[in-house]
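*Asks:* With the input below, show me the fold.
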Amino acid sequence: MITLAQWRKQGELESINGQQIFTRTGGNKSAPALVLIHGYPSASWDWEGMWQALTQRYYVITLDMLGFGFSAKPKDARYLITEQADIFEYYLHKLRAC
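*Replies:* Next up is the predicted model:
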C-alpha cells in the first residue's frame, strides 16, 4: 500500500483541452491495456488497492476526471460527461502515438 502523496508523485499532470489533468499509467506497455475510470464523486486513488496486481498483467491507464482528485477544478467548467469522455479520448490517442 502506498500513501496518497506517493500516488501523486507516481503520476503526471497533462495539459488536456487547456486543463491540468492528473494521469497515471503502470505496467508493461506491451501487455493488454486496461483503462480504469473512476466514479462520482471519486478519483483515480480508488484503484490504489489493486494497482500492483493489475499492473502485473496489464498496461493500466487512469486519470482524475476534470474537477476530481488532483486534476483542475475550474469554476466555469460545465463538467459534462461528454467533455470528460473527450479528455479520456485525447489522452488515449496521445498514449497510442508514443
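
*Asks:* Gly11 and Thr23 touch, don't they?
*Replies:* Yes. Using CB atoms under 8 Å, Gly11 makes contact with Thr23 at a distance of 5.9 Å. No exception for glycine: its C-beta is placed from N, CA and C like everyone else's.

*Asks:* And the strand or helix carrying Glu89, how far out from the chain middle?
*Replies:* Applying DSSP states H and E as the criterion places Glu89 in helix 81-97. Relative to the mean C-alpha coordinate of its chain, helix 81-97 is positioned 10 Å out (CA atoms, centre = their mean, to the nearest Å).

*Asks:* Show me the contact partners of it.
*Replies:* Identification of contacts with helix 81-97 by CB atoms under 8 Å, 6 or more residues apart in numbering yields 14, 16-17, 19, 21, 23, 25, 35, 37, 61, 63, 65-66, 77.

*Asks:* and what of stretch 3-22?
*Replies:* 2, 23-24, 26, 44-45, 48, 63-66, 69-72, 74, 77, 83, 86-87, 90-91, 94.

*Asks:* Pull out the buried members of those residues.
*Replies:* Buried by 16 or more other CB atoms under 10 Å: 23-24, 26, 44-45, 48, 63-66, 69-72, 87, 91, out of the contacts of stretch 3-22.

*Asks:* Please identify which of the residues you listed is nearest to Thr55.
*Replies:* Within the buried ones among the contacts of stretch 3-22, the smallest distance to Thr55 is 4.0 Å, found for Gly26 (CB to CB).

*Asks:* Give me the pLDDT value at the nearest residue to Gly26 once chain neighbours are set aside.
*Replies:* Nearest in space to Gly26, with sequence neighbours left out and distances taken as CB to CB, 6 or more residues apart in numbering, is Thr55 at 4.0 Å. Predicted confidence (pLDDT) for Thr55: 98.

*Asks:* What's the separation between Thr55 and Leu36?
*Replies:* Plainly put, Thr55 is 11 Å away from Leu36 if you go by CB to CB, to the nearest Å.

*Asks:* And for Ala53?
*Replies:* 12 Å.

*Asks:* All set now, cheers.
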